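Asker: I'd like to go over a predicted model; first the sequence, then the structure.
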Amino acid sequence: FEDIRREITLDENFYLEQDFRISILSSNCKTKPQAFVCKDENSRSIGVLIQFNLFKFLTMGDLTGGGENTLDLESIVGAMAGKVSLFKVSHHGSSSSSNMDFINLINPIASLISVGENNYGHPNCGVIDNLASINSDIYLTSKGSENCDFSKSTIVNDNIEIYVLDGKRMIIGDKVYILE
């Protein structure tokens with residue numbers, strides 16, 4: 001694979017079919033509007049938007065959102081992505097991610113938090129509250145280490161299975177979402 005590896009560039013798009021596109025919105029502390037000097041590794045995460053017809057999925061690794069004195073790169077990426085169907089919550093829902101301005105920009109129908117037992121306080125209760133305040137359906141792989149109000153969340157305690165049918169319907173667990 002050495003001969004085919006290369007650095008992903010910003011604003012790069014991969015078209016797998018006419019209605020299926022993968023867009024790179026951030027990479028190595030750069031977004032389309034500007035580049036930043038990053039002091040932490042998390043700010044170098046790759047922000048990816050996957051689109052299939054009406055379905056839009058945003059995933060950004062551990063990209064920072066301004067909490068814990070980090071750069072708010074999430075809000076810049078959120079402005080580029082716009083409203084999404086599905087959001088893979090950054091950095092296991094840490095306090096450095098998913099600020100309210102960003103959540104309002106992407107307004108996800110459903111949000112996924114991949115988290116296990118940890119000593120970092122993931123997911124942060126404020127992140128859960130932010131997502132719940134916009135009525136995003138929240139799915140977690142486990143409760144993690146925080147004692148949050150999970151009453152508006154679904155704790156799966158396993159893998160979260162997502163199906164996207166024709167780019168117009170999304171299924172998570174036994175819930176069907178009709179995308180508009």
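Answerer: Nice, I can see it.
Asker: shaky segments in this structure?
Answerer: 1-6 (pLDDT under 70).
Asker: the helices in it, which residues?
Answerer: Along the chain, the stretches classed as helices by DSSP state H are 73-81, 100-106, 125-133.
Asker: what's the first one in contact with?
Answerer: Right, helix 73-81. With contact meaning Cβ atoms under 8 Å, 6 or more residues apart in numbering, helix 73-81 is reached by 25-26, 29, 31-33, 36, 43, 47, 49, 56, 58, 60, 63-66, 90, 97-99, 101-102, 105-106. To be clear about C-beta, it is placed using only N, CA and C from the backbone, and glycine gets the same treatment.
Asker: what comes up buried for that helix?
Answerer: Under the neighbour-count criterion of 16 or more other Cβ atoms under 10 Å, helix 73-81 has L73, E74, S75, I76, V77, G78, A79, M80, A81 buried.
Asker: from those residues, which is closest to S136?
Answerer: Nearest to S136 among the buried residues of helix 73-81: G78, at 13.3 Å, using Cβ to Cβ.
Asker: from M100, how far out is that closest one?
Answerer: According to Cβ to Cβ, to the nearest Å, G78 and M100 sit 11 Å apart.
Asker: ditto for F87
Answerer: 14 Å.
Asker: of these two, who's got more company?
Answerer: When neighbours are counted by other Cβ atoms under 10 Å, F87 comes out ahead of the other of F87 and M100, with 27 against 16.
Asker: give the contact list for the more buried one.
Answerer: F87 sits next to F57, L58, T59, I106, P108, A110, S111, L112, S136 when contact means Cβ under 8 Å, 6+ apart.
Asker: switch the cut-off to 7 Å
Answerer: Applying Cβ atoms under 7 Å, 6 or more residues apart in numbering to F87 gives the contacts L58, I106, P108, S111.
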